[in-house]
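J.: With the sequence up front, the predicted model follows.
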Amino acid sequence: EKVLDAIFNLKGEYEIEEDKIKIELPPDRLDILFFNGLKRAIECYLGLDSGIKKINFNKAKIEVEKNEVRARKYFACFVVRNLKNVNIKDIILFQEFLHSFLGKDRKYVAIGIHDLDKIEGKIIYKEALPTEKMVPLTYSNELTLKEILEITDKGRKYGNLIENFEKYPAIYDEKGIISF
């Protein structure tokens, strides 16, 4: 009953159906639209957790070079360290939600998550030719950027955002393209 009170006080509505609770949450609370955020908010409400921990911001030792990119003009990055008790699948799920909800299916915002330990040298944001190659996530072989747009699920879904450009926005390290 305390959990249901917490959901109500978080502006949520619920229905109890046999052994399930169906919860509808307000769209203005992005932090509770996923299980871990809702769990944390309920625990805070019940006094079991003190909420979001203090975050220390330090300058990351990472060099970024941004060139003119016509298809997506802006680029920003940050480094997160010492994540504890975090499931990467939950982060990716939230990332996809942000793409859809805030980014309007990546039209306005696209977010990438990369392992900093695998990046060599500085990060370079610049235009790439459709014939340049990279290994897409979950693939073991290189494909051209054009092939990625034609073959992969994400490429087919979002390729229309850059199809009218001669060059595509891409992120490189010293080894080549790491994301586009």
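T.: Noted; the coordinates are in hand.
J.: wait, doesn't residue 34 sit right on residue 97?
T.: Yes. Using Cβ atoms under 8 Å, residue 34 is in contact with residue 97, at 7.0 Å. Glycine gets a C-beta too; all of them are placed from N, C-alpha and C.
J.: quick one: which helix or strand includes residue 5?
T.: helix 2-9 (DSSP states H and E).
J.: In PDB, could you pull the C-alpha coordinates for the longest helix along the chain?
T.: Longest helix in the chain, counting residues (DSSP state H): helix 88-101. Included here for helix 88-101 are C-alpha records, laid out as PDB according to Å, rounded to 0.1, in the frame of the first residue of the first chain:
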ATOM      1  CA  ILE A  88      24.200  -1.100 -19.600                       C
ATOM      2  CA  LYS A  89      21.000  -2.400 -21.200                       C
ATOM      3  CA  ASP A  90      19.000   0.000 -19.000                       C
ATOM      4  CA  ILE A  91      21.100   2.900 -20.100                       C
ATOM      5  CA  ILE A  92      20.700   1.900 -23.800                       C
ATOM      6  CA  LEU A  93      16.900   1.600 -23.300                       C
ATOM      7  CA  PHE A  94      16.800   5.100 -21.700                       C
ATOM      8  CA  GLN A  95      19.000   6.400 -24.600                       C
ATOM      9  CA  GLU A  96      16.500   5.000 -27.100                       C
ATOM     10  CA  PHE A  97      13.600   6.600 -25.200                       C
ATOM     11  CA  LEU A  98      15.400  10.000 -25.300                       C
ATOM     12  CA  HIS A  99      16.000   9.600 -29.000                       C
ATOM     13  CA  SER A 100      12.300   9.000 -29.600                       C
ATOM     14  CA  PHE A 101      10.800  11.400 -27.100                       C
END
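J.: Next secondary structure after that helix?
T.: Heading C-terminal from helix 88-101 (DSSP H and E), you reach strand 123-128.
J.: buried ones in that following strand?
T.: 123-128 (16 or more other Cβ atoms under 10 Å).
J.: Report the contact partners of the spatially most central residue of the chain.
T.: Note on the chain: the residue nearest the mean C-alpha position is residue 95, at 2.8 Å, using Cα atoms, centre = their mean. With contacts defined as Cβ atoms under 8 Å, 6 or more residues apart in numbering, the neighbours of residue 95 are 111, 113.
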